[in-house]
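Chemist: based on what follows, work out the 3D shape:
(chains A and B)
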Amino acid sequence: MAKEVISREENYSQWYNNLVTKADLAENSAVRGCMVIKPYGYAIWEKMQAQLDKMFKETGHQNAYFPLFIPKSFLSREAEHVEGFAKECAVVTHHRLMVDPEGTGVVVDPSAKLEEELIVRPTSETIIWNTYKNWITSYRDLPILCNQWANVVRWEMRTRLFLRTAEFLWQEGHTAHATKEEAIEETEKMVNVYAKFAREYMAVPVVVGKKSANERFAGALDTLCIEAMMQDGKALQAGTSHFLGQNFAKAFDVKYSTKEGTLDYVWATSWGVSTRLMGALIMAHSDDCGLVLPPKLAPIHVVMVPIFKTDEEHKAVVAKMEELKAGLEKSGLSVKIDDRDNVRSGFKFAEWELKGVPVRIAIGPRDLQNNTVEVARRDTLTKESMSADAVVAHVVELMDKIQENIYNKALEFRASKTYVVDTWEEFKEKIEEGGFLLCHWDGTPETEEKIKEETKATIRCIPMDTNVIMEEGKCVYSGKPSKQRVIFARSY
RNA sequence: CGGGAUGUGGCGCAGUUGGUUAGCGCAUCUGCUUUGGGAGCAGAGGGUCCUCCGUUCGAGUCGGAGUAUCCCGACCA
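Modeler: Residues are numbered from 1 along each chain as shown, chains lettered A, B, ... in the order given. Reported below is the predicted structural model:
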């Protein structure tokens, strides 16, 4: 008897359990909302890291590492920045513990109070710009193109596994440029790197766009982003790239000598993606049988399940599998033979489907006789029997097909939930169904705020892609003139 | 920080108007039988019923306080 399947609408976290768990630190409320990434989940993150790293290096960036702790005074240098982050920071006030004089255990040593509190980085602009000040004196020092892989802490009032944990892993790029144009070009370049990564590796279609003033990063002049649609129709911001202007250069007094011999402030960008991408991956592709991983990010491409009755059959089947495994590995695929003898084959089928392994191969005594194997696809849940001699070439080809298929499936889904909306009545009705609403907007924060209050929908982005209608029209809320449509949606 | 719900073996839950030794499913362990879609039978182990205080002859059950978790808001990658 099959166990009851879990509906994905009910709770995505059922799928998460393969990859992460909530940190079990309930005794201490101070660390609520953190997550443990299990080996299988971390393997996906490592694949993402490796690919992103490659793309960063291809665009001329280098990795570096900056401190976890930020002196409190740094955060107050940039006014908007401090407003955006000050409310949600973890603060280090002491540097020593002592044995509790009145009991067992340890207490904070009151004599070890820090002169100036340290902030656990919520993002590293301030500490990095404080460092860049020492690195930059002349136009010859520019540009500086650094990235760091790090963990950051944001004390969110409400956390959500993968999408908004108190501590998360991410990558943050911080670049310094001599001219405004070059910095803007960098901002656009990196958002496009993210878009390419999402589309080609995660198989998640995204819209590239610009944030409205309300949704912009604290301290940025412009925030570009990629927005994805999850299967419940809600939007997920999957990556951001900020044009910071000269705000941080001014705050940290980073000037350089120009070719002409004058002094000027440096232009900055920052950009980042986080473990939230794994959440996007799950929520974009999962079905009622569990995860569906795109081959390019799957830790295991092919799982082989032996079917046998006797020891002899077992040996013969596994021998055949080892042979196929060698062939597949030669083609660059990662293969797992599930040789466990304490669970039955049906259990294994279900379990590997839950984990999202793209292709499953089953071989039994009957196959050995006929020189066939059974190949099952995770994305379509179909299986076929084929000659064992052709299977390696077939599976290698399948990887590309699966990658393409799940992207197209997600793309079709997004298309089916994207509506062109021109009246306020229709807006209110459609927003309840979920999805992206392409609407005209008068460009004012007030209108955006009112729409949010009435419908919980926000402007996800002002699209920069060509596939969104560029036309003049009237604001869906106020009726005032508008130059192009923007995307409204409810979001995570 | 507001509004609501919930804390019972590793996980998911039941537990009646307060009444003996606190149950069930899954998982674990042992044995036998099984293996082409989440196995069956027999047996075994595993509990400070979130914490404290109170009511009572008697509390998992009632009352109070605390605490944690989840959901909905505000806040956000």
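
Chemist: number of nearby residues for residue A:340?
Modeler: Look at residue A:340: counted by other CB atoms under 10 Å, it has 13 neighbours. Every C-beta, even on glycine, is put in place using the N, C-alpha and C of the backbone.

Chemist: which residue packs closest to it, ignoring adjacent ones?
Modeler: Nearest-residue entry for residue A:340: residue A:348, 7.2 Å, with adjacent residues in sequence omitted and distances by CB to CB, 6 or more residues apart in numbering.

Chemist: looks to me like that neighbour is in a strand.
Modeler: No. Membership of residue A:348 in a strand is not supported by DSSP: H, G, I helix; E, B strand; the rest coil, which gives helix.

Chemist: just after the lowest-mean-pLDDT helix or strand in chain A, pick out the following helix or strand.
Modeler: Least confident helix or strand of chain A, by mean pLDDT, DSSP states H and E, is helix A:13-16 with a mean of 65. The helix or strand immediately downstream of helix A:13-16 is strand A:20-22, counting by DSSP states H and E.

Chemist: averaged pLDDT, that following strand. What do you get?
Modeler: Mean pLDDT, strand A:20-22: 74.

Chemist: what comes up buried for it?
Modeler: Across strand A:20-22, burial judged by 16 or more other CB atoms under 10 Å covers A:20, A:22.

Chemist: can you name the residues in contact with it?
Modeler: The contact list for strand A:20-22 (CB atoms under 8 Å, 6 or more residues apart in numbering) reads A:34-38, A:41, A:161-162, A:278.

Chemist: try it again at 10 Å.
Modeler: Contacts of strand A:20-22 with the rest of the structure, by CB atoms under 10 Å, 6 or more residues apart in numbering, involve A:13, A:16, A:32-38, A:40-42, A:45, A:159, A:161-162, A:165, A:275, A:278-279, A:282.

Chemist: parallel or antiparallel, list what pairs with the next helix or strand along the chain from it.
Modeler: Per DSSP H and E, the first helix or strand lying C-terminal to strand A:20-22 is strand A:35-37. Strand A:35-37 has the following sheet partners, assigned by DSSP bridges: strand A:20-22 (antiparallel).

Chemist: how far away from the center of its chain is the partner strand?
Modeler: 16 Å (CA atoms, centre = their mean, to the nearest Å).

Chemist: what about it and RNA strand B, touching?
Modeler: Yes. Strand A:20-22 comes into contact with RNA strand B (CB under 7 Å from any atom of the strand), by way of residue A:22.

Chemist: what parts of the stretch 51-200 of chain A come near RNA strand B?
Modeler: Residues of the stretch 51-200 of chain A found near RNA strand B (CB under 7 Å from any atom of the strand) are A:84, A:87-88, A:154, A:156-160, A:163-166, A:168.

Chemist: most neighbours out of those, which is it?
Modeler: residue A:165 (24 neighbours).

Chemist: name the nearest residue to it, ignoring sequence neighbours.
Modeler: Closest residue to residue A:165 apart from its sequence neighbours, by CB to CB, 6+ apart: residue A:35 at 5.0 Å.

Chemist: pLDDT at that neighbour, what is it?
Modeler: Model confidence at residue A:35 (pLDDT) stands at 80.

Chemist: same thing with residue A:405?
Modeler: The score at residue A:405 is 98. That number is its pLDDT.

Chemist: list the contacts for it?
Modeler: Contact analysis of residue A:405 by CB under 10 Å, 6+ apart lists A:203, A:292, A:294, A:377, A:379-380, A:398.
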